[in-house]
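A.B. asks: Generate coordinates for the sequence data below:
(chains A, B and C)
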Amino acid sequence: MPELPEVETTRQGIAPHITGKLVNQVVIRHHGLRWPIDPALPNILQRKKLLDIDRRGKYLLLQFTHGHLLIHLGMSGSLRIVNPKKESPQKHDHVDIIFTNNIALRFHDPRRFGSILWTTSPPEEHALLCKLGPEPLSDAFNSEYLFTKSRKRKKDVKTFIMDSHIVVGVGNIYANESLFTAGIRPTKMASKLTRKQCEQWVNDIKAVLQRSITQGGTTLRDFVGGDGKPGYFAQQLNVYGRGGQPCVVCKTLLKEIRQAQRATTYCTRCQK
DNA sequence: CAAGACTCCTGTCAGC
DNA sequence: TGCTGACAGGAGTCTT
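C.D. replies: Presented below is the predicted three-dimensional model:
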């Protein structure tokens, strides 16, 4: 499932191939994503130049001369660069944005939780983006911010940190992993976090995300041809998906629970 | 306003 | 072996 590192690596992987190129054709094979794709999109993008690709949270922002295309990969989405004449679309290849040099950006999404939205207003003003919290790797996300935001919050820390209005891009995997590294129990109330814990946790969140992005950078070739799946998901995970297995530090069997309908795994001994 | 439930979807897997 | 049902999960929206 694409988390922030995967989205950022996707951005870096596709940008060199299509930035500055003109759109020649848009092929939509399936409109039914999270929200329906605007049927006018092919006309909107026809002969328009892609100026830049940016990212906000897990949204990719494709800047054209007259507006932005917002792409979210949802749970199972991926983007890759293909030659549309040589690589025929496979199942779940819902959209091709074909540029004049016969290079296509191909959107693949089996579960169709992703979205492709056109907007002519500044992207930061878009309803989906304007209320988002800071980027986790920015200076705005610091221990003071986290401490302040967590006061009076009657919510467990894990659910709290996964709220994109607090901070963007910390999905289930990184919430679990960073809590383990920081030694914080996922069920702890957000309001009970100490300043010291906030400082530790912020550092650990940044570290785990940064490490994944760096690792992803070594597999950029995967975005051209192939299956479009970045190969770096296989980073070492300390707790995520390891319920019932021994803690890598103390060998205590990891406990698995559910919080807000999501799997949480933690060590009852290492995480207080 | 905050918190929790519900929802979209399909591949995967356990159980029979 | 094949069918059925549970489950995973980002994040917007609805309900309480």
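A.B. asks: my guess is A:Trp35 meets A:Phe113, correct?
C.D. replies: No: applying C-beta atoms under 8 Å, one finds A:Trp35 not in contact with A:Phe113, separated by 10.8 Å. All C-beta spots, glycine's among them, are computed from the backbone N, C-alpha and C.
A.B. asks: Model confidence score at A:Tyr232, please.
C.D. replies: Looking at A:Tyr232, its pLDDT reads 40.
A.B. asks: now do A:Thr218
C.D. replies: 48.
A.B. asks: Tell me where the model's unsure across the stretch 1-150 of chain A.
C.D. replies: Applying pLDDT under 70 to the stretch 1-150 of chain A flags residues A:1.
A.B. asks: got the residues of the stretch 51-200 of chain A near DNA strand C?
C.D. replies: A:57-58, A:72, A:74-76, A:111, A:113, A:127-128, A:162, A:164, A:169, A:171-173 (C-beta under 7 Å from any atom of the strand).
A.B. asks: all helices in the stretch 101-250 of chain A, in order from the N-terminus.
C.D. replies: For the stretch 101-250 of chain A, applying DSSP state H, counting those that start in this stretch gives helices covering A:143-150, A:157-161, A:172-182, A:195-216.
A.B. asks: out of the residues of the stretch 51-200 of chain A next to DNA strand C, who's nearest A:Ser143?
C.D. replies: The closest of those to A:Ser143 turns out to be A:Gly169 (C-beta to C-beta; 17.6 Å).
A.B. asks: For that closest one, list the residues it contacts.
C.D. replies: Neighbouring residues of A:Gly169 by C-beta atoms under 8 Å, 6 or more residues apart in numbering: A:3-4, A:7, A:57-58, A:135-136, A:209.
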